[in-house]
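Undergrad: build me a model from this:
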Amino acid sequence: MDSTCTKPSFYLANANGRSFLNLVQHRFASHCCEALFIHAAPVVTLELAEPQVLHTPPSSDPDAVVVSMESLFIYTLAELEEHLGFLMTDRFASHVLRVLLVVLSGAPLEKESKNKSVLQSKRKEKVGISGTERKNDWVLEKRPVPQSFLEALEKMINLCASTLDSQNLRLLATHPLGNPTLQLLLKLELAHFGKSRAKDENSIIHKLLPDDPIAEGTESAAFINGLVYDPIGSRLLETIIESAPGKLFKSIYAEFFKERMGSLARNEIAGYVAGKILERLGKDDLEEAMRQIVDQIPSLVERNRTAIIKTLVERCTARQVDTAPIRAQLETAYSGPNGFEVTRMLRLSENSHDDGKQNGKQEHSPEKVHGSLLAQTMMAVDGRLGDLVFDSLVKLSPELSVQLARDPAASRTLQTALTAPHASVIFRRKMIQQFYGHVGELALDPSASRVIDAIWEGTHGLAFIRERIAEELAENENSLRESFVGRAVWRNWRMDLYKRKRGDWVKQSRWTAGNDGFQSFPESNGESSATPPGSQHGHSHKGNRQLSAIELARQKHAAKAAESKKKEAQAEKKSKKERNPSSGSNGVGSSKGKEKATLVGQ
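TA: Below is the predicted model of the structure:
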């Protein structure tokens, strides 16, 4: 971004002196300040990489003094640093202050981030400009920053720690606006200046938890126990658990949480704290925590608190902990007349199909989203835990499968199932066949259309099914072309090529699908049996594996084709000899002459 576009804004803001202090506290001007800082941050990196940019004065005023963007940030920070105490809790300035901290640290600022609440709350106003195109939120990538920025960041952190004592810092922990700022300061302190900062008496983490060791009866213990079940304070505790040095985390876990993981998982607020704890546990501690939480799975399922179960499955998979106890409890908790029912996890029923049609829009609830995320996590596990979901999906009726594809949250589960690396060919074949006769209408639905797109990848090893789906799409060409969603499906399936040059589409499709049209289901298990050009058909790619009936048939067909080609070549050679009798007779005569000469000689 050109620095000449951004610097005038800084000059305008500083024209009357101390203007930024007023702007950041204004309801609408504070949004302008945020956008200004985010736009100007890449310019600092550009000036750092290309110093010659600083020596280019504006053409309108050749005598003007060129000020770097780095200096403008430092000037702005110098204006605000005297008032950090009340800016941290100001309704509008606190958001600007957090953005400024991110810019100084060089950390990325992402639109979709697990720590998005640190920078902006759910109640933050989305202020836009009337008449302009609505664009995505401003984002920043991770970038190098000058040393002066890191020094200014350290100065701000030290200033906050020195001006606020332990009691005031702990008050910020439960303040709706002060808590996110305190989280960010704590995270940046430990990330940029080392975990050893926890031993510094003037650091934020030490002022929050000054006791060593932290034991029951101390101020630090009372502070931690007060945060666990607090809707606001628990966010700071999550940050402490996530960013604290290993020694401090182990001390906190052993003293306060090791024997309470089951009860923490049951609580609506403390369950998120328990999730952060699981992410840092080693294999032995994780096994012990898993045994406590597994006993609570039935009550967690009943209360629709499946986020902690999802985290537990992920961590057990990462640490190679046996998930059999989790599988047994989930199978019991979601059991029905037909065993494990994924529709209970996704909160779908036969009756909700008609309700969704009457309302014109599907219900989109957090419970459905969390259930879908749990099902997707289970399918990522190779073994019996993932097979629970796969086996349940394949048993669904065609009507319920179509309903599953139309649901915004549940369709994500279906997309993952069709593209999962552990999904067998048999499962994908049976699952896709559930949509025969409904492909056209599903391709017009915003959620189900993504399932149709996933079928393209899900038909690996099933080229004949891919062609069957393409036929249905071609039959509904007019309706697909009239719909925005339908046109996207038509493009993703390359249906223009299918209509114009079907032979080329079939050839490409069969090659990308991994076979020449058909695949033997039990033996292949979803792996490609494609034979590249020049290779011999019918030979196994897995060494001494016994060939299936269809592979033997292919091999026999290839042998017959080779034999027929050999006969054709011999017949062609014979016909050429008959067309050239002179050459043949001369050869014969000469040979006979030679024999006669030899006889005379004898």
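Undergrad: need the CA coordinates for the helix or strand containing L184. PDB is fine.
TA: For L184, the host element (DSSP states H and E) is helix 178-192. Extracted as PDB, the C-alpha positions of helix 178-192 are listed here (Å, rounded to 0.1, in the frame of the first residue of the first chain):
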ATOM      1  CA  GLY A 178     -10.700  -4.600  30.500                       C
ATOM      2  CA  ASN A 179     -10.600  -8.400  30.400                       C
ATOM      3  CA  PRO A 180      -9.900  -8.700  26.600                       C
ATOM      4  CA  THR A 181      -7.200  -6.000  26.800                       C
ATOM      5  CA  LEU A 182      -5.600  -7.800  29.800                       C
ATOM      6  CA  GLN A 183      -5.700 -11.100  27.900                       C
ATOM      7  CA  LEU A 184      -3.900  -9.500  24.900                       C
ATOM      8  CA  LEU A 185      -1.200  -7.900  27.100                       C
ATOM      9  CA  LEU A 186      -0.600 -11.100  29.000                       C
ATOM     10  CA  LYS A 187      -0.300 -13.100  25.700                       C
ATOM     11  CA  LEU A 188       2.100 -10.600  24.100                       C
ATOM     12  CA  GLU A 189       4.200 -10.400  27.300                       C
ATOM     13  CA  LEU A 190       4.800 -14.100  27.400                       C
ATOM     14  CA  ALA A 191       5.100 -14.600  23.600                       C
ATOM     15  CA  HIS A 192       7.500 -11.800  22.700                       C
END
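Undergrad: residues of that helix that come out buried?
TA: Across helix 178-192, burial judged by 16 or more other Cβ atoms under 10 Å covers 178-190, 192. In short, each C-beta sits where N, CA and C put it, glycine included.
Undergrad: against T239, how distant is the residue nearest to E242 when sequence neighbours are not counted?
TA: Among residues not flanking E242 along the chain, K276 sits closest, at 5.5 Å (Cβ to Cβ, 6 or more residues apart in numbering). To T239, K276 is 9 Å away according to Cβ to Cβ, to the nearest Å.
Undergrad: which residues of the stretch 151-300 of the chain fall in helices?
TA: Remark: helices assigned in the stretch 151-300 of the chain by DSSP state H, counting those that start in this stretch are 166-173, 178-192, 204-208, 219-228, 233-243, 246-252, 261-266, 270-278, 283-294, 297-302.
Undergrad: can you put those in JSON lines and add distance to I308?
TA: JSON lines is the format used below for those (distance: least, Cβ to Cβ, whole Å):
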{"stretch": "helix 166-173", "distance to I308": "23"}
{"stretch": "helix 178-192", "distance to I308": "21"}
{"stretch": "helix 204-208", "distance to I308": "25"}
{"stretch": "helix 219-228", "distance to I308": "14"}
{"stretch": "helix 233-243", "distance to I308": "13"}
{"stretch": "helix 246-252", "distance to I308": "19"}
{"stretch": "helix 261-266", "distance to I308": "5"}
{"stretch": "helix 270-278", "distance to I308": "5"}
{"stretch": "helix 283-294", "distance to I308": "7"}
{"stretch": "helix 297-302", "distance to I308": "7"}
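Undergrad: out of these, which comes closest to A571?
TA: When these are compared by Cβ to Cβ, helix 283-294 sits nearest A571, at 71.7 Å.
Undergrad: re the thing from before, any idea which of the buried residues of helix 178-192 is least confident?
TA: Of all the buried residues of helix 178-192, H192 carries the smallest pLDDT score, 85.
Undergrad: chain neighbours aside, what residue packs nearest to it?
TA: Spatially, and ignoring its direct neighbours in sequence, H192 is nearest to S105 (6.1 Å; Cβ to Cβ, 6+ apart).
Undergrad: residue contacts, the one you found?
TA: 145, 149-150, 153, 188, 191-192 (Cβ atoms under 8 Å, 6 or more residues apart in numbering).
Undergrad: how about A375?
TA: Per Cβ under 8 Å, 6+ apart, neighbours of A375: 342, 345-346, 389, 413, 416.
Undergrad: dump the residues you listed into TSV; add neighbour count, secondary structure and distance to A375 as well.
TA: Below are the contacts of A375 laid out as TSV (neighbours: other Cβ atoms under 10 Å; DSSP: H, G, I helix; E, B strand; the rest coil; distance: Cβ to Cβ, whole Å):
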residue	neighbour count	secondary structure	distance to A375
V342	27	helix	6
M345	26	helix	6
L346	27	coil	7
V389	27	helix	5
T413	27	helix	5
T416	20	helix	8
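Undergrad: now render those as a markdown table, adding pLDDT.
TA: Compiled in a markdown table, those are given as follows (pLDDT from 0 to 100):
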| residue | pLDDT |
| --- | --- |
| V342 | 93 |
| M345 | 93 |
| L346 | 92 |
| V389 | 95 |
| T413 | 95 |
| T416 | 95 |
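Undergrad: count of neighbours near T343?
TA: Using other Cβ atoms under 10 Å, T343 has 21 other residues around it.
Undergrad: so it versus E399, what's the distance?
TA: According to Cβ to Cβ, T343 stands 12 Å off from E399.
Undergrad: cool, and V99?
TA: Counting by Cβ to Cβ - V99 and E399 are separated by 50 Å.
Undergrad: before we move on, what about M431?
TA: Taking Cβ to Cβ as the measure, M431 falls 14 Å from E399.
Undergrad: just want to know which of these two has more residues nearby.
TA: M431 (21 against 12).
Undergrad: for the nearest residue to S483 once chain neighbours are set aside, helix, strand, or coil?
TA: Excluding the flanking residues, the one nearest S483 by Cβ to Cβ, 6+ apart is L444, at 5.1 Å. The three-state assignment at L444 reads coil, by DSSP: H, G, I helix; E, B strand; the rest coil.
Undergrad: and L444, what is it in contact with?
TA: Counting by Cβ under 8 Å, 6+ apart, L444 has contacts 479-480, 483, 485-486.
Undergrad: from those residues, which two are the most distant?
TA: S479 and V485, at 10.7 Å, using Cβ to Cβ across these.
Undergrad: related to what we said a few turns ago, wait, the residue nearest to E242 sits on A244?
TA: No - contact between K276 and A244 fails when scored by Cβ atoms under 8 Å: they sit 10.5 Å apart.
Undergrad: these two: which has the busier surroundings?
TA: The residue with more neighbours, out of K276 and A244, is A244; 21 against 16, by other Cβ under 10 Å.
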